[in-house]
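Enquirer: predicted model and sequence below, questions to follow.
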Amino acid sequence: MKERLQDVIRSRPLLGDGAMGTQLMLAGLEQGNCGEAWNLTHPERVLGIQRRYAEAGSDCILTNTFGGSRIMLNRHGNADRVVAINQAGVAIARDAFGGRPGYVIGDIGPFGGLMEPYGDFTEDQVRGAFEEQARVLVEAGADAILIETQTSLEELTLGIQAAKQAGAACIIGSMAYDVTLDGSTFRTMMGIDPERAARCMQEHGADIVALNCGTGMDMERARQAVSRYKRVSNLPVMAQPNAGQPKLVEMKVIYDETPQQMVRGVVPLLEAGVNILGACCGSSPDHIRAFRSAMDEYLTGSVARHENQVV
Ligand SMILES: [Zn+2]
């Protein structure tokens with residue numbers, strides 16, 4: 001039987017993948033269209049992106065199902081395709097590894113609204129949508145469920161509970177932090193800091209605590225978040241920072257941190273104890289390839305250092 005993701009990363013860090021959204025745009029998806037529907041309409045393009053990540057050295061691939069909950073798909077008139085879109089998402093990600101071992105992480109993004117009393121959605125609707133998506137992803141063979149880009153503990157908790165309900169072998173909770181205006185710290189849009197998030201995730205039974213995306217959260221800020229998680233929780237940590245700051249160029253949002261710039265943050269993150277390192281918006285297979293060689297070099301070096309100490 002395959003070793004669970006949360007167990008394997010306790011002995012060695014694994015490499016995640018890079019952005020999906022910005023890669024789908026490069027492959028021709030128009031802003032505002034439903035990228036998850038491409039699992040059914042353009043599976044070869046989704047596979048092409050994920051295969052490039054696998055070839056760059058990713059050990060874990062996220063399914064293209066960020067907006068694959070019933071609530072999100074309903075906005076594109078695709079609510080009747082929840083099952084098919086999520087099933088295909090798992091199959092394509094698995095296929096990307098081309099038969100070699102790898103972890104398929106079933107991706108669940110925010111439901112994209114506010115719950116009562118601030119918004120129009122009831123807790124039951126959100127819970128139901130998360131449970132449905134998590135169940136399809138688990139039944140289709142996802143090795144883990146990732147509840148990502150979360151900003152509120154209420155929605156995060158619903159997601160973790162849904163993954164648990166679905167029988168996920170591994171549950172990852174991932175928060176999106178924004179650096180504060182004065183630059184002194186970072187917290188989510190809803191005011192949650194990493195310590196509170198980690199405690200909440202641990203209390204509700206997550207197996208891995210994570211951060212992704214956000215504003216101003218570069219490799220160095222991700223390293224700080226990893227350290228803060230590690231101080232209050234003994235769970236493994238996953239980090240997926242963006243390729244720098246979003247910039248508006250000719251009415252398009254771009255992220256322009258190069259692989260060479262971003263890779264400088266890899267060793268500090270490994271030293272901080274990151275257990276899965278990937279990247280979010282703006283990153284590409286080239287970024288992941290650079291991460292792979294930096295990680296391999298570091299891991300080989302640390303084995304050598306360890307052996308020297310033993311001698
Ligand atoms: Zn992102």
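Expert: Here it is on my side, so go on. These numbers were taken from a predicted model, which means no experiment stands behind them.
Enquirer: identify the residue nearest Leu24 in space, chain neighbours excluded?
Expert: By the measure of Cβ to Cβ, 6 or more residues apart in numbering, the closest residue to Leu24 outside its immediate chain neighbours is Gly35, 4.6 Å from it. All C-beta atoms are positioned from the backbone trio N, CA, C, and that covers glycine.
Enquirer: next up, phi/psi of Asp193, please.
Expert: Note on Asp193: its backbone torsions stand at phi -100, psi 170 [degrees, to the nearest 10].
Enquirer: that one touches Asp178, doesn't it?
Expert: No - no contact is recorded between Asp193 and Asp178 when judged using Cβ atoms under 8 Å, the distance being 11.3 Å.
Enquirer: could you tell me which residues touch both of these two?
Expert: The overlap between the contact sets of Asp193 and Asp178 (Cβ atoms under 8 Å, 6 or more residues apart in numbering) consists of 186-187.
Enquirer: on that earlier part again, so who does the residue nearest to Leu24 touch?
Expert: For Gly35, counting by Cβ under 8 Å, 6+ apart, the contacting residues are 20-21, 24, 29, 64, 66-67.
Enquirer: let's go with 10 Å and repeat that
Expert: Taking Cβ atoms under 10 Å, 6 or more residues apart in numbering as the criterion, Gly35 is in contact with 20-21, 23-25, 27, 29, 42, 45-46, 64-68, 76.
Enquirer: return a PyMOL selection command for the buried portion of the residues you listed.
Expert: Command for PyMOL that selects the buried part of the contacts of Gly35, burial taken from 16 or more other Cβ atoms under 10 Å:
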select buried, resi 20+21+23+24+25+29+42+45+46+64+65+66+67+68
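Enquirer: which two among the contacts of Gly35 are spaced furthest apart?
Expert: Gln23 and His76 (19.1 Å; Cβ to Cβ).
Enquirer: check what pLDDT Ser302 gets.
Expert: According to the predicted model, the pLDDT of Ser302 comes to 78.
Enquirer: from Arg292, how far out is it?
Expert: 16 Å (Cβ to Cβ, to the nearest Å).
Enquirer: show me what the lengthiest helix in the chain is packed up against.
Expert: Of all the segments assigned as helix in the chain under DSSP state H, the longest by residue count is helix 285-310. Applying 3 or more Cβ pairs under 10 Å, 6 or more residues apart in numbering; DSSP states H and E, we find helix 285-310 packed against strand 14-15, helix 43-56, helix 259-262, helix 266-271, strand 276-277.
Enquirer: again, only using 8 Å
Expert: Packed against helix 285-310, as judged by 3 or more Cβ pairs under 8 Å, 6 or more residues apart in numbering; DSSP states H and E, are the following elements: strand 14-15, helix 43-56, helix 259-262, helix 266-271.
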